[in-house]
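Q: here is a sequence together with a model predicted from it:
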Amino acid sequence: MLALLFPGQGSQTPGMLAPWLNDETKKTLATWSLHIDLDLERLGTTASADEIKDTANAQPLIVAAGLLGAQALGLSKFSVVAGHSVGEITAAGVSGVLSPAHALELVRQRGIAMAKAASQVETGMAAVLGGDRNEVLSAIKSFDLVPANDNGAGQIVAAGSLEQIDKLVENAPAGSRVRPLAVAGAFHTHFMQSAVSHVAGFVEKVTINEPTSQLLSNKDGAVVAGGKDAIDRIVNQIANPVRWDLCMQTMVAGKVTGLIELFPGGTLTGIAKRAMPGVELLAIKSVDDLALVPDFVAKHQGVESVSS
């Protein structure tokens, strides 16, 4: 069985869209850009690293890149689709829950609202790498922080006030390294609650469809019950932890044999390499990697259910 994955914020790099541009993709990007009042082609080609680090720019750029990559695959259906954090919106677009235009409208509103929420209080995030899982979680809690991203495989991201993040860095749990992340705020925590309210109001105007693939949720790794359930979960996930570890557990339990991580790929397949041994991985990092897709899909595609 084949799963299609979409990375989250932090996967963007300067000039990332340049190799993907042709007459057709330029036209698509121009249409999307007009729709959300944001120059996606410029952000993906000539914008600086600092500019695309801005949450309000990074999130639409990442979703646009994933949607372009999915279109380039030329496949109409996948067994399992999942995205990490903002990648859930890309996954919703590819699985048919949202049209590409509505996915980009949603992520544009999400990025703006999260950037605004992050500006209210000085907060941040730090990755805790290695160490005993229970000890790491206990240390995060002891510093009044939140395990905002649980990526499994010895990688948990803590979030909260910068003061408490600094204390965690200075007092790393035994056997671990703590690395502060260059992000604007404590995403996936209560500090983002105002963004949840904003996005919840926006999605009331969006057309929601039923997924054409099994769509996994960051909330608990479960297959969503339908389109509305998917969107409700995506909205609430803004202020709640990403349980990517549970998404991977669902895929392993469902006997997924191959993972394709769509452009800009590498992060999720890197995590899966440690957490999902025996599963074959393909990260789409460049246009050239698309040539590897047909044989990979032929080997792994199926219609089994991960929830059966």
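A: Perfect, thanks for sending it.
Q: what sits against Ala239?
A: Ala239 makes contact with His188, Thr189, His190, Phe191, Met192, Gln193, Ala195, Val196, according to Cβ atoms under 8 Å, 6 or more residues apart in numbering. C-beta coordinates here come from the backbone N, C-alpha and C atoms, glycine included.
Q: just the buried residues from the residues you listed, in ChimeraX please.
A: Buried residues among those (16 or more other Cβ atoms under 10 Å), as a ChimeraX selection:
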select :188,189,191,192,195,196
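Q: so who does His102 touch?
A: The neighbours of His102, taking Cβ under 8 Å, 6+ apart as the test, are Gly93, Val206, Thr207.
Q: give me the buried entries from the residues you listed.
A: Looks like the contacts of His102 have Gly93, Val206 buried, using 16+ other Cβ under 10 Å.
Q: pull the helix or strand with minimum mean pLDDT from this structure.
A: Using mean pLDDT, DSSP states H and E, helix 293-300 stands out as the lowest-scoring helix or strand of the chain, at a mean of 90.
Q: for that one, what is the distance to the chain centroid?
A: 23 Å (Cα atoms, centre = their mean, to the nearest Å).
Q: stretch 108-127 now?
A: With Cα atoms, centre = their mean as the basis, stretch 108-127 stands 15 Å off its chain's centre.
Q: can you give me the end-to-end span of it?
A: 26 Å (Cα to Cα, to the nearest Å).
Q: next: stretch 185-198.
A: One end of stretch 185-198 sits 17 Å from the other (Cα to Cα).
Q: ok, and what's touching it?
A: 9, 55, 85, 109-110, 113-114, 116-121, 123-125, 146, 148-149, 159-161, 235-242.
Q: restricted to buried residues, select these in ChimeraX.
A: With 16+ other Cβ under 10 Å as the criterion, this ChimeraX line picks the buried residues out of the contacts of stretch 185-198:
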select :9,55,85,109,110,113,114,116,117,118,123,124,125,146,148,149,159,160,161,235,237,238,239,240,241,242
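Q: so of the contacts of stretch 185-198, which ones are in strands?
A: Thr123, Gly124, Met125, Val146, Ala148, Asn149, Ala159, Gly160, Ser161 (DSSP state E).
Q: for those, work out which two are farthest apart.
A: Asn149 and Ser161 (17.2 Å; Cβ to Cβ).
Q: returning to that earlier point: other SSEs contacting the least confident helix or strand of the chain?
A: Helix 293-300 sits against strand 2-6, strand 258-261, strand 280-283, with contacts defined as 3 or more Cβ pairs under 8 Å, 6 or more residues apart in numbering; DSSP states H and E.
Q: same thing but 6 Å
A: Helices and strands touching helix 293-300, by 3 or more Cβ pairs under 6 Å, 6 or more residues apart in numbering; DSSP states H and E: there are none.
Q: contact partners of it?
A: Outside helix 293-300, the residues that touch it by Cβ atoms under 6 Å, 6 or more residues apart in numbering are Leu2, Leu73, Thr257, Gly258, Leu282.
Q: any idea which of those the model trusts least?
A: Scanning those for pLDDT, the low point is Leu73. It has 86.
Q: pull out the buried positions in the helix or strand harbouring Asn134.
A: Using DSSP states H and E, Asn134 sits in helix 133-142. Buried residues in helix 133-142, defined by neighbour count with 16+ other Cβ under 10 Å: Val136, Leu137, Ala139, Ile140.
Q: quick one on the thing from earlier: with just CA atoms, put the least confident helix or strand of the chain into PDB.
A: Presented in PDB, the C-alpha positions along helix 293-300 are these (Å, rounded to 0.1, in the frame of the first residue of the first chain):
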ATOM      1  CA  VAL A 293       7.600   7.600  -9.300                       C
ATOM      2  CA  PRO A 294       6.000   5.200 -11.900                       C
ATOM      3  CA  ASP A 295       7.900   2.100 -10.900                       C
ATOM      4  CA  PHE A 296       7.600   3.000  -7.200                       C
ATOM      5  CA  VAL A 297       3.800   3.400  -7.500                       C
ATOM      6  CA  ALA A 298       3.400   0.200  -9.500                       C
ATOM      7  CA  LYS A 299       5.200  -1.600  -6.700                       C
ATOM      8  CA  HIS A 300       3.300  -0.200  -3.800                       C
END
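Q: got the angle for that helix vs strand 2-6?
A: 130 degrees (axes from the mean of the first three to the mean of the last three Cα atoms, to 10 degrees).
Q: which parts of helix 293-300 are buried?
A: Val293, Phe296, Val297, His300.
Q: stretch 125-133 now?
A: Going by 16+ other Cβ under 10 Å, stretch 125-133 has these buried residues: Met125, Ala126, Ala127, Val128, Leu129, Gly130, Gly131.
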